[in-house]
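Trainee: Would you be able to build a 3D model of this:
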Amino acid sequence: MRLIVQKYGGTSVATPERICNVARRIIETQREGCRVVAVISAMAGVTDELIKLARAVSPHPTDRELDILLATGEHAATALTTMAVNALGGTAISLTGAQAGILTDRNHSKARIANISPKQIHEMLSEDYIVIVAGFQGQTPEGETTTLGRGGSDLTAIALAGALNADVCQIFTDVDGVFTCDPRAVLAAKKLDEIAYDELLEMASAGSKVVQSRAVEFAKKFGVEFEVRSTFNRRAGTIAKEETTSMEDVVIRGISLDRHQAKLTIAGVRDEPGIAGRIFSNIAAAHIIVDMIVQNASIGGTTDISFTIHEDELENARKILMPVVGEIGAKRLNTASGMAKLSVVGIGMRSHSGVAAHLFECLGKAGINIQLVSTSEIKIAVIIDEKDLERAAQLTHQEFGLANPAAAASAMQPLA
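Mentor: Sure thing, here's the model as predicted:
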């Protein structure tokens, strides 16, 4: 019998009615002649509510206690889904991440999976159970509960699919698949039939929230092919897989948008070894995640270093860096919020030239100022004012011919 691992996100199990819909879908999959392992996220909004409760009783709860608290969201959704399957005539059993054999490191709140020993899952499957696993969690070698970070249920599902050597892995969510751009920003965006791991990883890292970037990393490392599809219809989704030769014919696969960015520039930095290390070691010590980093060419022995972070971290970063600026003899610290990142992604960039020129010319004609640029082999990312983001997305989407032809004429937002 084929083994299928299915993951259902928080919106898929947001209400009792939706939980019952998921239960019916799981049962149907089993009746098609498959063994089923379903990974369940917490009901939509529950994790945020638990975090609010924690902050209400403690200004600074420890990561250990937060992990124990947040894991209960998945426990509840998993138990409810199991109850629904059994009520509909199926035979299911729920397992926590620890019971499913997911062993992690000791990094609370953002733990990494170290090993999976799915012995109990195999035993339950051999007895014809549908196995319902709580996503987002595991345990340390000492038995401490850990969580895998936001979107961690994606990682749970893909890691289990790899460990179980599953025939199919499906990530069920509230969208039909991976689109060329966020359909809320570009109405003419089209769903992709397939996407390479590297492309999806770049899009996820650049702001696309469809699949957790760490889950994509795991899938690429262990060759776990998976499909992103909707819980609410029967349409085929997007297959994430190893790249093929034909994939390079598509120069740009998609555009990712990342809002709420802040830009910091330290001007007049001495161009000497170790200076950049002093700047970013202080930022790292405060657990502030840095995205783009750009250093100007040295002029007269000094340079400017610019980087971006989430704007929620701006005030904290400013407080940390102000004394550092004086210590390293830099001239000043400039900061700006209200930034956004637009990224164009495609493995076809490796074998096609002119992508950067097209992008810069497109935005320049529209009067959209580019403040920072960062590139990789298959991505070009620019920082622009957030107020220009959706217009830039629409223009770029049109420039690279990504629109769904059927929707482009009627659904494209005004470009001016």
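
Trainee: okay, CA-based contacts and neighbour counts for the rest of this
Mentor: Fine.

Trainee: What residue spans form the domains of the protein?
Mentor: 2-174, 256-411 (automatic domain parsing).

Trainee: Now distance to Phe232 too, for those, in CSV please.
Mentor: Output for the domains of the chain, formatted as CSV (distance: least, C-alpha to C-alpha, whole Å):
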stretch, distance to Phe232
domain 2-174, 7
domain 256-411, 21
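
Trainee: ranking the ones you listed by burial, who's on top?
Mentor: Among the domains of the chain, domain 2-174 has the highest mean neighbour count (mean count of other C-alpha atoms under 10 Å), at a mean of 20.

Trainee: which stretches of the chain have low pLDDT?
Mentor: For the chain, residues meeting the criterion pLDDT under 70 lie at 207, 404-416.

Trainee: The longest strand along the chain pairs with which strands, parallel or anti?
Mentor: Selection of the longest strand in the chain by residue count, based on DSSP state E, yields strand 254-270. Take DSSP bridges as the rule and strand 254-270 pairs in its sheet with strand 302-310 (antiparallel), strand 332-345 (antiparallel).

Trainee: And the spatially closest residue to Val382 that is not a sequence neighbour, which helix or strand is it part of?
Mentor: In space, and not counting its chain neighbours, Val382 is closest to Val373: 4.6 Å by C-alpha to C-alpha, 6 or more residues apart in numbering. Using DSSP states H and E, Val373 sits in strand 372-376.

Trainee: other SSEs contacting the helix or strand that that strand is followed by?
Mentor: Once the chain leaves strand 372-376, the next helix or strand it forms, by DSSP H and E, is strand 379-385. Helices and strands touching strand 379-385, as assessed by 3 or more C-alpha pairs under 8 Å, 6 or more residues apart in numbering; DSSP states H and E, comprise strand 332-345, strand 372-376.

Trainee: Give me the residues contacting strand 379-385.
Mentor: Residues from elsewhere that reach strand 379-385 (C-alpha atoms under 8 Å, 6 or more residues apart in numbering): 202, 338-346, 349, 356, 368-375.

Trainee: Just want the angle from it to strand 254-270.
Mentor: Interaxial angle of strand 379-385 relative to strand 254-270 (axes from the mean of the first three to the mean of the last three C-alpha atoms, to 10 degrees): 70 degrees.

Trainee: which neighbours does strand 379-385 have in its sheet, and in what orientation?
Mentor: Neighbouring strands of strand 379-385 in its sheet, by DSSP bridges, are strand 332-345 (antiparallel), strand 372-376 (antiparallel).

Trainee: Any chance you could give me the next helix or strand after it in PDB, C-alpha atoms only?
Mentor: Downstream of strand 379-385, the first helix or strand assigned by DSSP H and E is helix 389-399. The C-alpha trace of helix 389-399 is given here as PDB (Å, rounded to 0.1, in the frame of the first residue of the first chain):
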ATOM      1  CA  LEU A 389       5.600  47.700  -3.200                       C
ATOM      2  CA  GLU A 390       2.400  46.600  -4.700                       C
ATOM      3  CA  ARG A 391       2.800  48.800  -7.800                       C
ATOM      4  CA  ALA A 392       6.400  47.500  -8.200                       C
ATOM      5  CA  ALA A 393       5.100  43.900  -7.900                       C
ATOM      6  CA  GLN A 394       2.500  44.500 -10.600                       C
ATOM      7  CA  LEU A 395       4.900  46.200 -13.000                       C
ATOM      8  CA  THR A 396       7.600  43.600 -12.500                       C
ATOM      9  CA  HIS A 397       5.100  40.700 -12.900                       C
ATOM     10  CA  GLN A 398       4.000  42.200 -16.200                       C
ATOM     11  CA  GLU A 399       7.600  43.000 -17.300                       C
END
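
Trainee: Make 46 the starting number, not 1.
Mentor: Done: numbering now begins at 46, and the last item shifts to helix 434-444.

Trainee: Summarise which helices and strands helix 434-444 is packed against.
Mentor: Packing partners of helix 434-444 (3+ C-alpha pairs under 8 Å, 6+ apart): strand 299-315, strand 377-390, helix 400-410.

Trainee: Save the ones you listed as TSV, and put in distance to Thr353 too.
Mentor: Shown next, in TSV, are the helices and strands packed on helix 434-444 (distance: least, C-alpha to C-alpha, whole Å):
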stretch	distance to Thr353
strand 299-315	5
strand 377-390	9
helix 400-410	20
